[in-house]
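Student: below is the sequence, then the predicted model.
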Amino acid sequence: MQGMWIALTQNMNCGNKVTDVACLPAKRKSSRSGRKPECELTDGTENLVIRPRFRQDHLRKRFYELEIGDPSRNIIQTIFQTSATNPKKYAGKTERVLKVINSLDIYQKFEKYREAVKKKSFEQYKGHPRTIVDGNELLLFYGTTMSCSGSNRKQVSELCKDPTCRVCRLIQSSFNTSYNKKNGIQLNMDSGELSENKTVITKGKNVRRAIIVCRTIAGGVTEHEVYDSVGTRPYSKSGYLILQNPNAVLPCFIVVLS
């Protein structure tokens, strides 16, 4: 599986180096402009988590759909199914596979976090050789839902405005939501597991189960102390990691189930 993932990231430009990133313009606005931020986190126990605010000049195209028969789509489906504890449950149920278009700014934050983890590991955690080499990068899954990818939609390429669409709000905020701030970002080894509880997940006619395939800087992992991430059987198929820093997560693909 790891070999397939490496080949895919090289061929699909999933952020192996700065020149590989399919960039969205990172526009810097002066504080004197008085404009609202493009999204705003909500307070309290609200389940909607993010109230989006889109500007007219904000480019919202963040997805590229991989068509049926595309070799890259086939690889993602294989990775998804072989990473599930019950792969037969999801066989033939893939409705869409989307490639996430990350901005240069997002990618640079991911790499900056990696370098910080490597430096800390070299100074403090001598027992984590992988952390010193690459920050202990792992391929992990974030299970949630998507409200804007129903079968009646011919193509999905933009972030929607629906505040209950978990995928669009997570991608828009770079996983920096109220729920994740409170509970940490849970990423699973098992591609079939949900990362959010039922109070956050929205049900509805057009709501689809969605799994975000992520590059993740796990760093030093422990079950007892907070290093860079906290894990439960972190290297088994049923394990998971909880990270506190959104910069440690780079979404690459989304598998939408029917």
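Tutor: That came through, no problem.
Student: please count neighbours and contacts with C-alpha atoms only from this point.
Tutor: OK.
Student: where do the helices of the stretch 1-150 of the chain begin and end?
Tutor: 2-11, 71-82, 104-124, 129-134 (DSSP state H, counting those that start in this stretch).
Student: for the second one, packing partners?
Tutor: Under the contact criterion of 3 or more CA pairs under 8 Å, 6 or more residues apart in numbering; DSSP states H and E, helix 71-82 touches helix 2-11, strand 94-100.
Student: circling back to that earlier point, who wins for proximity to Val213 among the helices of the stretch 1-150 of the chain?
Tutor: Proximity to Val213 (CA to CA) singles out helix 71-82 among the helices of the stretch 1-150 of the chain, at 8.4 Å.
Student: give me the buried positions along that closest one.
Tutor: For helix 71-82, the neighbour count (16 or more other CA atoms under 10 Å) marks Ser72, Arg73, Ile75, Ile76, Gln77, Ile79, Phe80, Gln81, Thr82 as buried.
Student: about what we covered before: any chance of CSV for the helices of the stretch 1-150 of the chain, columns distance to Thr144 and mean pLDDT?
Tutor: Converted to CSV, the helices of the stretch 1-150 of the chain look like this (distance: least, CA to CA, whole Å; pLDDT from 0 to 100):
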stretch, distance to Thr144, mean pLDDT
helix 2-11, 22, 62
helix 71-82, 14, 92
helix 104-124, 21, 89
helix 129-134, 27, 83
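Student: adding distance to Cys160, write those out as TSV.
Tutor: Formatted as TSV, the helices of the stretch 1-150 of the chain follow (distance: least, CA to CA, whole Å):
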stretch	distance to Cys160
helix 2-11	26
helix 71-82	23
helix 104-124	19
helix 129-134	34
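Student: run through the residues that contact Leu138.
Tutor: Counting by CA atoms under 8 Å, 6 or more residues apart in numbering, Leu138 touches Arg215, Thr216, Ile217, Ala218.
Student: so what pLDDT did it get?
Tutor: We have a pLDDT of 91 for Leu138.
Student: can you check the one 10 residues further on too?
Tutor: Confidence per residue is given as pLDDT, and for Cys148 that number is 88.
Student: verify the stated contact: it with Cys160.
Tutor: Yes - between Cys148 and Cys160 there is a contact under CA atoms under 8 Å: 6.7 Å.
Student: shaky segments in the chain?
Tutor: Along the chain, the parts satisfying pLDDT under 70 run over 1-60, 125-127, 150-153, 198-202, 223-227, 231-237.
Student: strands of that one, start to end?
Tutor: For the chain, the strands defined by DSSP state E cover 39-41, 50-52, 63-66, 94-100, 137-146, 185-188, 208-217, 221-222, 229-232, 240-243, 249-257.
Student: among those strands, which comes closest to Leu194?
Tutor: The nearest among the strands of the chain, by CA to CA, is strand 137-146 at 4.1 Å.
Student: the closest one: which residues count as buried?
Tutor: Glu137, Leu138, Leu139, Leu140, Phe141, Tyr142, Gly143, Thr144, Thr145, Met146.
Student: pretty sure Lys109 sits against Val249.
Tutor: No - using CA under 8 Å, Lys109 is not in contact with Val249; the gap is 9.7 Å.
Student: of the two, who's got more company?
Tutor: Neighbour totals were compared for Lys109 and Val249, and Val249 leads with 27 against 16 (other CA atoms under 10 Å).
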